[in-house]
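Peer 1: Let's see this in three dimensions:
(chains A, B, C and D)
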There are 2 protein chains.
Amino acid sequence: MSCGQNQGMTTSPADKPVGLRERKKARTRAAIQDHALRLFTEQGYAATTVEQIAEAAEVSQSTFFRYFPTKEDTVLYDRLDPVLIEHFVNQPADVGPIAAIKAAVHAVFRGLSAEEAELEAVRQRLVISVPDLRAKLFEQFTEGMRMLHDAILRRLGRERDDFAVRMWTGALTGVILAAYVTSIEEGGDFLEYIDRGLTQFERGLPL
Amino acid sequence: MSCGQNQGMTTSPADKPVGLRERKKARTRAAIQDHALRLFTEQGYAATTVEQIAEAAEVSQSTFFRYFPTKEDTVLYDRLDPVLIEHFVNQPADVGPIAAIKAAVHAVFRGLSAEEAELEAVRQRLVISVPDLRAKLFEQFTEGMRMLHDAILRRLGRERDDFAVRMWTGALTGVILAAYVTSIEEGGDFLEYIDRGLTQFERGLPL
DNA sequence: ACGAAAAATGGTAGCTACTATCAAAAGGTA
DNA sequence: TACCTTTTGATAGTAGCTACCATTTTTCGT
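Peer 2: Residues are numbered from 1 along each chain as shown, chains lettered A, B, ... in the order given. So this is what the prediction gives:
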């Protein structure tokens, strides 16, 4: 529940009205986030005030907080998680869970436009350098994992309290998070790290 | 770095002076935390102000923030992590890493006094019910895991950038976190869940 | 096309977590 | 006792965030 909206993505085909109102809202949201990220990289996260962001985006502070419940959410608002889950559940049933995750991650990240990819890179840089943002990232990660947990339970036809699935999903969360952090710290392609990590996971995480 | 102190624990034997000053400080710290947790459970976390806590503990707000850098830290200040690490590294070298973790966790949690255990229980209840606290808990968890990662690298004699170890530690983090959350949600003995989780992990997390 | 309903915006006021600074008090030491 | 160090409290200020209300803007029914 990091942010209660599901706005227009390039994936699911048109189940939402696209009147003038919606377009304006999307533009305002994008403007706020763009200026926020720009100011954060220019002068630092803490040194940038919400007032400055609102002014740059030409909206009032009231409006700012209507679009982003917290200052942190301008960085961490993640439109990718629900899309990932959707891709995951749409994988054919005979595909194993790890392979399904790989496919979903690839589908989503390969489908990113140049601007979206750049935005993602900026976000990642900010997230690792600001402790407050890291904390929220982890929460968001585990929130996404909770969704994935549900999807896996359904996929495997298990009960909610299945302990083995809980541990399995927990470990999977940890692997993905570790791969994510590694890719940011070491630099390089995120997808490659994810693939290597998931492959390790499939093999029982040999040391 | 959730909190920069290492105050007196029941473990390492006396390498610090115990003048009147130190005793007063310990009493003040305990008073603040006790009143904070009491007020949180009585009237809710958000509804309790730092002013109220300071007043109840009979200190000024200035003093409050000297002892706890943030309001969250009254709940999340974790003295257990460093102790856990210490127990872990002190395990004999021929013990496998999982067994060493099990031993360390048991040693620490079995050694808790009744009050400490009760405090821990209150903390756990608060942590799962308040989103802000959950976020910080995750950060603290991964911070502890980073320390564990270093310890494991040394134990195995691996290089820092060893990818297999990174993934392994990440998965281990996820399993412990999952066991932790499960024990709080389902109720029951934390140690039992940890043992079951770690055993699953050793077996390659079968589904 | 017009008017009403609904939604988005801006402005103001206010609360609270947190910081910075400095003088006063308490504790330690010779 | 006298001196030095540490701890405390008071004050003032910043910034994130909320609540509330009046105004504007978009949508929709007729």
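Peer 1: Which strands or helices does the one helix or strand A:D150 maps to pack on?
Peer 2: For A:D150, the host element (DSSP states H and E) is helix A:131-156. Judged by 3 or more CB pairs under 8 Å, 6 or more residues apart in numbering or on different chains; DSSP states H and E, helix A:131-156 is in contact with helix A:73-76, helix A:80-89, helix A:97-110, helix A:114-129, helix A:163-186, helix B:131-156. Quick note: C-beta positions are derived from backbone N, CA and C, even for glycine.
Peer 1: need the residues of chain A near DNA strand D, please.
Peer 2: Selection of chain A residues close to DNA strand D by CB under 7 Å from any atom of the strand yields A:17, A:19-22, A:24, A:48-51, A:61-62, A:65, A:69-72.
Peer 1: Kindly supply the PyMOL command isolating those of these that are buried.
Peer 2: Entered in PyMOL, the line below selects the buried ones among those, by 16 or more other CB atoms under 10 Å in any protein chain shown:
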select buried, chain A and resi 48+50+71+72
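Peer 1: Keep only those of the residues of chain A next to DNA strand D that are in helices.
Peer 2: Mapping the residues of chain A next to DNA strand D onto helices (DSSP state H) picks out A:L20, A:R21, A:E22, A:K24, A:V50, A:E51, A:Q61, A:S62, A:F65.
Peer 1: Now compare the residues you listed and name the two farthest from each other.
Peer 2: Across those, the longest distance by CB to CB is 28.4 Å; it joins A:L20 and A:E51.
Peer 1: For B:R166, find the nearest of the helices and strands packed on helix A:131-156.
Peer 2: Among the helices and strands packed on helix A:131-156, helix A:163-186 comes nearest to B:R166, with 5.3 Å by CB to CB.
Peer 1: Distance from the next helix or strand after that closest one to the middle of the chain?
Peer 2: Where DSSP H and E defines the elements, the next helix or strand beyond helix A:163-186 is helix A:190-202. Counting by CA atoms, centre = their mean, to the nearest Å, helix A:190-202 is centred 18 Å from the centre of its parent chain.
Peer 1: taking the mean pLDDT, what do you get for helix A:190-202?
Peer 2: Per-residue pLDDT over helix A:190-202 has a mean of 95.
Peer 1: Buried residues, that helix. List them.
Peer 2: Applying 16+ other CB under 10 Å to helix A:190-202 flags A:F190, A:L191, A:Y193, A:I194, A:R196, A:G197, A:L198, A:Q200, A:F201 as buried.
Peer 1: the domain parsing of chain A - what is it?
Peer 2: Per the record, chain A has its domains at A:20-69, A:78-202, by automatic domain parsing.
Peer 1: among those domains, which gets the worst mean confidence?
Peer 2: Comparing mean pLDDT across the domains of chain A, the weakest is domain A:78-202, with a mean of 90.
Peer 1: before we move on, the earlier item: now, of the domains of chain A, which is deepest in the fold?
Peer 2: Burial among the domains of chain A, expressed as mean neighbours by mean count of other CB atoms under 10 Å in any protein chain shown, is greatest for domain A:78-202, which shows a mean of 17.
Peer 1: Would you mind measuring the gap between the ends of that domain?
Peer 2: Using CA to CA, to the nearest Å, one end of domain A:78-202 lies 27 Å from the other.
Peer 1: wait, does that domain contact DNA strand C?
Peer 2: No - using CB under 7 Å from any atom of the strand, domain A:78-202 stays clear of DNA strand C, coming no nearer than 9.7 Å.
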